[in-house]
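In: Quick one, structure for this:
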Amino acid sequence: MRRFSRPRIVISKCIEFDHCRYDGSMIGSEFVRALKPHVDFIPVCAEVEIGLGIPRDSIRIVSRDGDLRLVQPATGLDVTAEMRSFTGRFLDSLSGIDGFILKYRSPSCGLKGIRVYQGLSKSAAVSKTAGFFGGPVSRAFSGLALEDEGRLRNFNIREHYLTKVYALAGFRAVEEEASISALIEFHTLNKLLLAAQSQKEARVLGNIVANRERLNFAGQSRLYREHLRMAFSRPMRPSAKANVLMHAFGYFSNELSAQEKAYFLQSLERYRKRKVPSTALVAVIQSWIARFGQDYLRCQTFFEPFPEDLRELCLDRQCEWAADDLFEPEERSG
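Out: Predicted coordinates:
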């Protein structure tokens with residue numbers, strides 16, 4: 001069984017940690033509950049941190065003379081400066097972070113699509129933007145695993161989030177060890193996963209490890225980190241996953257019977273036609289890994305990118321090829 005580095009994730013405190021929403025409630029999340037034994041969470045509620053109570057009147061983003069302000073319509077209180085000051089201090093204090101899970105539909109924590117109003121009175125939204133806390137997070141930590149709890153209801157997005165955050169945590173451990181051998185081992189174990197994520201970035205990362213430019217470790221790891229994040233910038237394409245499965249199949253071409261080969265190839269074609277999930281083919285490959293003692297494939301993170309205990313969170317109760325963006329954020333206080 002693989003040993004995994006524990007990801008460090010900043011999370012909106014109202015999600016499974018505290019009754020600190022504007023109405024004194026807490027958001028339940030099966031995803032976050034399941035993650036708690038496996039990650040180190042850093043809970044934060046930006047609205048409480050700037051002095052807004054629990055419960056509190058809701059806040060909204062208002063456009064005034066071209067400037068966006070964060071205000072409390074019921075009281076007229078403008079907390080723009082306080083929120084910007086806290087956000088800057090808090091984000092500057094962070095180090096060794098692998099991801100964020102923030103409250104969606106929140107004028108403070110929302111990552112995108114938050115309604116902007118013309119004034120304090122009830123009216124239609126005039127535009128959309130990021131929250132006053134979530135926006136700076138997106139800009140300062142764009143390469144990390146960033147999601148809101150609304151989108152994480154989608155099983156495909158969950159799988160990508162977990163794959164990415166564990167890959168980033170694994171590389172953070174390499175940087176902390178600060179050794180070339182650790183970098184080479186990390187790249188070797190992740191070769192198939194990187195190929196499935198992005199063939200282009202996988203080649204670039206291989207060249208960085210080869211270090212033809214004779215960089216010191218700091219320069220080498222900085223460049224590797226940059227392209228690793230680029231490799232995980234989007235979910236894995238089914239066609240790329242199929243190519244990696246075919247590549248893995250090649251390791252057993254001299255060991256299998258004609259019937260076994262035919263079965264796998266037929267199953268792969270059915271996967272390409274979206275008739276079976278990739279997990280069916282992964283299970284077949286894993287059975288061959290055990291049967292033939294294929295140590296190289298056994299160690300590849302492609303077959304176990306995150307702890308097995310979390311696999312149930314990503315079982316496709318909906319289509320593996322579903323669109324990424326299922327939720328349109330709306331205004332809510334965090």
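In: Next SSE downstream of the longest helix that the chain contains?
Out: Under DSSP state H, the helix in the chain containing the largest number of residues is helix 155-177. Next along the chain after helix 155-177, taking DSSP states H and E as the criterion, comes helix 180-189.
In: who does that next one touch, helix- and strand-wise?
Out: For helix 180-189, the elements it packs on are helix 155-177, helix 199-210, helix 217-231, judged by 3 or more C-beta pairs under 8 Å, 6 or more residues apart in numbering; DSSP states H and E. No exception for glycine: its C-beta is placed from N, CA and C like everyone else's.
In: could you dump those to TSV with distance to Thr87 and mean neighbour count?
Out: Shown next, in TSV, are the helices and strands packed on helix 180-189 (distance: least, C-beta to C-beta, whole Å; neighbours: other C-beta atoms under 10 Å):
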stretch	distance to Thr87	mean neighbour count
helix 155-177	22	21
helix 199-210	31	16
helix 217-231	22	18
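In: between the ones you listed, which one is nearest to Ile97?
Out: Closest to Ile97 of the helices and strands packed on helix 180-189, according to C-beta to C-beta: helix 155-177, at 8.8 Å.
In: what angle do that closest one and helix 180-189 make?
Out: 160 degrees (axes from the mean of the first three to the mean of the last three C-alpha atoms, to 10 degrees).
In: and helix 155-177, C-alpha only, in CSV?
Out: What follows is helix 155-177, C-alpha atoms only, in CSV (Å, rounded to 0.1, in the frame of the first residue of the first chain):
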residue,chain,number,x,y,z
PHE,A,155,-17.9,13.1,-8.6
ASN,A,156,-15.5,13.8,-11.6
ILE,A,157,-14.4,17.1,-10.1
ARG,A,158,-13.8,15.3,-6.8
GLU,A,159,-11.5,12.8,-8.4
HIS,A,160,-9.5,15.6,-10.2
TYR,A,161,-9.3,17.6,-6.9
LEU,A,162,-8.0,14.6,-5.0
THR,A,163,-5.6,13.5,-7.7
LYS,A,164,-4.1,17.0,-7.9
VAL,A,165,-3.9,17.8,-4.2
TYR,A,166,-2.2,14.5,-3.4
ALA,A,167,0.3,15.0,-6.3
LEU,A,168,1.1,18.5,-5.0
ALA,A,169,1.5,17.3,-1.4
GLY,A,170,3.8,14.6,-2.7
PHE,A,171,6.0,17.1,-4.4
ARG,A,172,5.9,19.4,-1.4
ALA,A,173,7.6,16.5,0.5
VAL,A,174,10.2,16.4,-2.2
GLU,A,175,11.0,20.1,-1.8
GLU,A,176,11.2,19.7,2.0
GLU,A,177,13.7,16.9,1.6
